[in-house]
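Peer 1: got a sequence here, can you build the structure:
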Amino acid sequence: MLILIVVLTGATLLLGYANKARCVGPQFDAQGRSEPDYDIRVDRDVCYSDIQYLWLGRDIDKHVFPFVSGSITPEGQLQGGTVEYPVLTGMLMWAGALFAGNDGQFLLASALIMAPFGLFTGWILGRLARWRALVWALGPPLVLYAFHNWDLPVVACAVAAVFVMNGWRTDRPLVDRGVIASVLLALGFAFKLYPGAFVLPLALYVLTMSRPGRLDWRGAIRVAVAAVVTVVLVNLPFALAGYTGWRASFTFQEMRKVDLTTNSIWYWGFRPESEPDNVAFQHLVNWLSPTLVLLSFVVAAAVGWWRWRRDGVYPWVGVSAAMLCGFLLLHKVHSPQYTLWLLPFFVLLAVPWRWVVSYLIVDIVMGIGIFRWFYALKTGVGVGISEGIWAQAVAVGVWGRAALLVVLFVVFLTIPDRLASIRRARTAEVSESVL
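Peer 2: Below you'll find the predicted structure:
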């Protein structure tokens, strides 16, 4: 069963690469950019990839080592090797470009580097959820987004953390496994930030479950400290070697404005005030969005605490999934590939199939519609909501996805923890074998 899931994941990854490779070549200009008509094809043919696009504009094509000599201009333009992602993703980008001479070779090398992470994720999900892992192995998001950006490694880190807590060495103390899982989440943070939020519910899980009958504060602190130390150790060499370039990646995200490309409710829900040149609105979103995201985290963690008081188990995986929903809904940017972050939770938790299928359908509508609408904007045909199907697809995608994220936030916090039941059964088996 596991072999089949990994093989099917590999086949889907090949389709994902083939989908993006449609934008490569057949010729290349002096800078290694695909031609002809690259800017038109990426939207018209729905084969755009951040990997291919960022071959130019971040000194990746010049093989500059990331961050250490970089900076950001007052206008928000990154230069000198700094990229807009955390340090481990920056290293992936640099590694993928080492032997590349054009954007097509960069896409291929990056896909080869990341594919093992996608296969590893499929294997873990198969171990934890058996046939339900087909949602990952055969899911449309893997075709659309596996090589859209550098997200497969961070997903692998998050899923591996769940595996450590639920499917690996159940004979080891819970705190020890919690520390290892926390390190994995911290490594994920160094790829794409979001797994760092899951350290909170993980620590609460260790706090409440490590010593039945009393709270294990020391164990919870060990989990939190492990994450902090890992993040510091990974980032410190870059910060010391070139603080300006390292800090610039965070400054870029702080300066990023809500606009047409962010695909978030902040842009579409506040038209026309949400134009990028509306300084007052952009300033409002810059503090309101993260405030609401953090509030959603607090609500999710609090509901998890209530679940523990009621059921005796802190549902840290469900709380993590709900936190992710809060982030996806309320953050000022919602990039298409973020669906890959959510997809494993459809596998790990017993989410009713109607919600899984609904989200995947809306995601396909959005994932195709947004680029076809960008093409309409470039050609001036079918731009308005009443003029063409692609503008309507974007509206359905943005608001359908937002509504489903609200539903999923509730679902993740209320469904039974299937992994907890499996974990208790395996722990009982280990105890019986010892006796």
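Peer 1: quick one: least confident helix or strand in this protein?
Peer 2: Ranked by mean pLDDT, DSSP states H and E, the weakest helix or strand in the chain is helix 418-434, scoring a mean of 55.
Peer 1: so residue 142 sits against residue 14, correct?
Peer 2: No: contact criterion Cβ atoms under 8 Å: residue 142 and residue 14 do not qualify, at 10.3 Å. No exception for glycine: its C-beta is placed from N, CA and C like everyone else's.
Peer 1: neighbour count winner among these two?
Peer 2: residue 142 (26 against 14; other Cβ atoms under 10 Å).
Peer 1: and the gap between the more buried one and residue 115?
Peer 2: Residue 142 is 11 Å from residue 115, where distance means Cβ to Cβ, to the nearest Å.
Peer 1: tell me the helix or strand right after the host helix or strand of residue 375.
Peer 2: If you go by DSSP states H and E, residue 375 is part of helix 353-379. Using DSSP H and E, the helix or strand that follows helix 353-379 in sequence is helix 389-414.
Peer 1: rounded mean pLDDT for that following helix, please.
Peer 2: The predicted model assigns helix 389-414 a mean pLDDT of 95.
Peer 1: run the chain-centre distance for that helix.
Peer 2: With Cα atoms, centre = their mean, to the nearest Å as the basis, helix 389-414 stands 17 Å off its chain's centre.
Peer 1: also stretch 6-22?
Peer 2: Relative to the centre of its chain, stretch 6-22 is centred 19 Å away, using Cα atoms, centre = their mean.
Peer 1: and what of stretch 208-226?
Peer 2: Offset of stretch 208-226 from its chain centre (Cα atoms, centre = their mean): 27 Å.
Peer 1: which residues touch that stretch?
Peer 2: By Cβ atoms under 8 Å, 6 or more residues apart in numbering, the list of residues contacting stretch 208-226 from outside reads 173-175, 178-179, 181-183, 186, 199, 202-204, 206-207, 308, 313-314.
Peer 1: in ChimeraX, select just the buried ones from those.
Peer 2: Buried residues among the contacts of stretch 208-226 (16 or more other Cβ atoms under 10 Å), as a ChimeraX selection:
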select :174,175,178,179,181,182,183,186,199,202,203,204,206,207,308,313,314
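Peer 1: out of the contacts of stretch 208-226, which sit inside helices?
Peer 2: Judged by DSSP state H, the contacts of stretch 208-226 include 174-175, 178-179, 181-183, 186, 199, 202-204, 206-207, 308 as members of helices.
Peer 1: between residue 142 and residue 115, which contacts overlap?
Peer 2: By Cβ under 8 Å, 6+ apart, the residues touching both residue 142 and residue 115 are residue 13.
Peer 1: measure residue 35 to residue 27 for me?
Peer 2: Shown here: residue 35 relative to residue 27, a distance of 5 Å by Cβ to Cβ.
Peer 1: go on, residue 39?
Peer 2: From residue 39 over to residue 27 (counting by Cβ to Cβ), the distance is 15 Å.
Peer 1: for the stretch 1-150 of the chain, what spans make up the helices?
Peer 2: Listed in chain order, the helices of the stretch 1-150 of the chain (DSSP state H, counting those that start in this stretch) span 2-21, 38-44, 50-53, 87-97, 103-129, 134-137, 140-145.
Peer 1: okay, these in TSV with distance to residue 411 and mean pLDDT next?
Peer 2: Output for the helices of the stretch 1-150 of the chain, formatted as TSV (distance: least, Cβ to Cβ, whole Å; pLDDT from 0 to 100):
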stretch	distance to residue 411	mean pLDDT
helix 2-21	24	97
helix 38-44	34	95
helix 50-53	30	97
helix 87-97	30	97
helix 103-129	17	97
helix 134-137	15	96
helix 140-145	18	97
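Peer 1: could those helices go into a markdown table alongside distance to residue 70?
Peer 2: Conversion of the helices of the stretch 1-150 of the chain to a markdown table gives the following (distance: least, Cβ to Cβ, whole Å):
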| stretch | distance to residue 70 |
| --- | --- |
| helix 2-21 | 26 |
| helix 38-44 | 25 |
| helix 50-53 | 18 |
| helix 87-97 | 9 |
| helix 103-129 | 19 |
| helix 134-137 | 35 |
| helix 140-145 | 27 |
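Peer 1: need the contact list for residue 9.
Peer 2: 118-119, 121-122, 136-137, 142 are the contacts of residue 9 under Cβ under 8 Å, 6+ apart.
Peer 1: do the same with residue 57
Peer 2: Neighbouring residues of residue 57 by Cβ under 8 Å, 6+ apart: residue 78.
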